[in-house]
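Colleague: Provide a 3D model corresponding to the input given below.
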Amino acid sequence: MVSDGIQASLWQDPLLHGRFRPYTTTMAAATATVFLAICLAFTNAQASGNLVEVLSGNKDFSMLVDLVVKAGLADTVANGGPFTVFAPTNAAFANLDPALVDGLLADTEQLKSVLLYHVVPGRVLSSDLSNDLVVNSAQGSPLRVNIYENHGYQKVTVNGVRVVQPDLEASNGVAHVIDEVLLPPAGGDIVDVLAGDSRFTTLVQAVQAAGLVDTLKSDGTFTVFAPTDEAFARLPAGALDSLVKDVPALTTVLLRHVVTSGTYYSHGLCWEKLTTANNMSLKAGYNKYGNLMVHTAEGRASIVQPDINASNGVIHVIDNII
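Modeller: Alright, predicted model coming up:
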C-alpha cells in the first residue's frame, strides 16, 4: 500500500498533474496482484524441471550429475519421487581424497550407495526440518539434521555438513545444497563406533569398568568427547589404575566427556556453553591458531577429529582428558 503522503506528492507534482492519475490504493493492490502472479509463474517455471534437469542446469553440480548418470540412477532421480536430495557441489567432490574418488568410479555399487545416502524419500523443505530430526536415506542409513542458532545466526547441518542453500525446488522433489560429500558411516551406536576404532582401547575399557556401556548404547542424542589412548597415557603415573579401582571417581571423569542434551557437531560447538552428563560446565571455541578447543574446569583439549557419526549421536576425538 502506498502512503497518503506519496499519493499527495504525485497528485501535486506539476509535471504529473493533469497527465497521470494518482497512484491509488486500488491501483497498488492491482499492481501487487500482478507482481505476485508473475513471481508465482516464475517459481513454477523454475520448479517445472525434474531434479536431474534442475541440477544439470547449474554448472556447480556437473560432477554430481555425471556420477548419478554413471551409477545408473539418472532415470530414477528424473522420473521417480518425490525425493529430497542433499546435493554436494563440485567443490565438495574436489575436497575428497582422490583415492576414494577413484575407488567410487571403479565400483558402481559403492558409488550408488554413496549417492543414495544423499537422497531421502519424500519432499522435505527447509521449513519441515527440526533440530535432531533423524530420517532414513534411500541407501538405508539414517541422516541426522541439526539446526544451531547463535547470536541470531542459524546454521543447518545434515550429519554435521552445512546446508549452504536450501530449497532448490523441482517437479519431483527438492534439493538442498551442501558443502561436503556425505559418506555412509560404518554403523553402530557410540560404543560400537568406539570399540571398532583402535585409538579408543583404553576409553572402551574404562566405559566397561564404570558400567556405562548400556547408557551409551541407548537411544538418545549424545555428544561424546573421546580421549584417545595417547590422551590417557598423559595422565600421571598410576592415575588410570587408581581410577579403574574407584568406580565412582572413574564415572565422574567419563561423564564430563559426555553431553546428553543434544547432538553438537563442530558447526554447533563454537562458543557454546554446554552442560555435561554430571552437570559440569563445558565450553568450546576456536583458539588464535584456528584450532577447535573444548574445556571444563578440570582440563582442556584440542578436537583432533570432529564429527564421527553414530546412530545415537556424534563423537569428537580429543587429545587430552578434560
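Colleague: any chance you could map the strands in the stretch 101-250 of the chain?
Modeller: For the stretch 101-250 of the chain, applying DSSP state E, counting those that start in this stretch gives strands covering 119-121, 133-136, 142-150, 153-158, 161-170, 173-178, 222-227.
Colleague: In terms of secondary structure, what does the shortest one contact?
Modeller: Using 3 or more C-beta pairs under 8 Å, 6 or more residues apart in numbering; DSSP states H and E as the contact definition, the elements that strand 119-121 packs against are strand 83-88, strand 133-136. No exception for glycine: its C-beta is placed from N, CA and C like everyone else's.
Colleague: re earlier: any chance of JSON lines for the strands of the stretch 101-250 of the chain, columns mean neighbour count and mean pLDDT?
Modeller: Shown next, in JSON lines, are these (neighbours: other C-beta atoms under 10 Å; pLDDT from 0 to 100):
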{"stretch": "strand 119-121", "mean neighbour count": "21", "mean pLDDT": "98"}
{"stretch": "strand 133-136", "mean neighbour count": "13", "mean pLDDT": "95"}
{"stretch": "strand 142-150", "mean neighbour count": "18", "mean pLDDT": "93"}
{"stretch": "strand 153-158", "mean neighbour count": "16", "mean pLDDT": "93"}
{"stretch": "strand 161-170", "mean neighbour count": "18", "mean pLDDT": "97"}
{"stretch": "strand 173-178", "mean neighbour count": "24", "mean pLDDT": "98"}
{"stretch": "strand 222-227", "mean neighbour count": "25", "mean pLDDT": "98"}
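Colleague: Could you dump those into CSV and include distance to Gly238?
Modeller: Shown next, in CSV, are the strands of the stretch 101-250 of the chain (distance: least, C-beta to C-beta, whole Å):
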stretch, distance to Gly238
strand 119-121, 51
strand 133-136, 43
strand 142-150, 40
strand 153-158, 42
strand 161-170, 43
strand 173-178, 48
strand 222-227, 17
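Colleague: To Thr84, which of these lies closest?
Modeller: Comparing the strands of the stretch 101-250 of the chain by their distance to Thr84 (C-beta to C-beta), the top pick is strand 119-121, with 4.3 Å.
Colleague: Which of the strands of the stretch 101-250 of the chain sits closest to Thr76?
Modeller: Proximity to Thr76 (C-beta to C-beta) singles out strand 119-121 among those, at 9.1 Å.
Colleague: Off-centre distance for the closest one?
Modeller: Mean-position distance between strand 119-121 and its chain equals 15 Å (C-alpha atoms, centre = their mean, to the nearest Å).
Colleague: For it, which outside residues touch it?
Modeller: 77, 82-86, 135-139, 143 (C-beta atoms under 8 Å, 6 or more residues apart in numbering).
Colleague: and which of the residues you listed is nearest His257?
Modeller: Leu143 (25.3 Å).
Colleague: Now for the residue nearest to Asn320 when sequence neighbours are not counted: which residues touch it?
Modeller: Counting by C-beta to C-beta, 6 or more residues apart in numbering, Ala301 is the residue found nearest to Asn320 once chain neighbours are left out, at 3.7 Å. Each residue near Ala301 by C-beta under 8 Å, 6+ apart is listed here: 225, 227, 231, 293-295, 318-322.
Colleague: Same question for Pro142.
Modeller: 134-136, 311.
Colleague: Which among the strands of the stretch 101-250 of the chain is found nearest to Asp197?
Modeller: Nearest of the strands of the stretch 101-250 of the chain (C-beta to C-beta): strand 222-227, 8.6 Å.
Colleague: Within the sheet, what are the partner strands of the closest one, with directions?
Modeller: As defined by DSSP bridges, the strand partners of strand 222-227 come to strand 258-259 (antiparallel), strand 313-318 (parallel).
Colleague: before we move on, back to that, give me the element the residue nearest to Asn320 is part of.
Modeller: strand 299-310 (DSSP states H and E).
Colleague: Lovely, talk soon.
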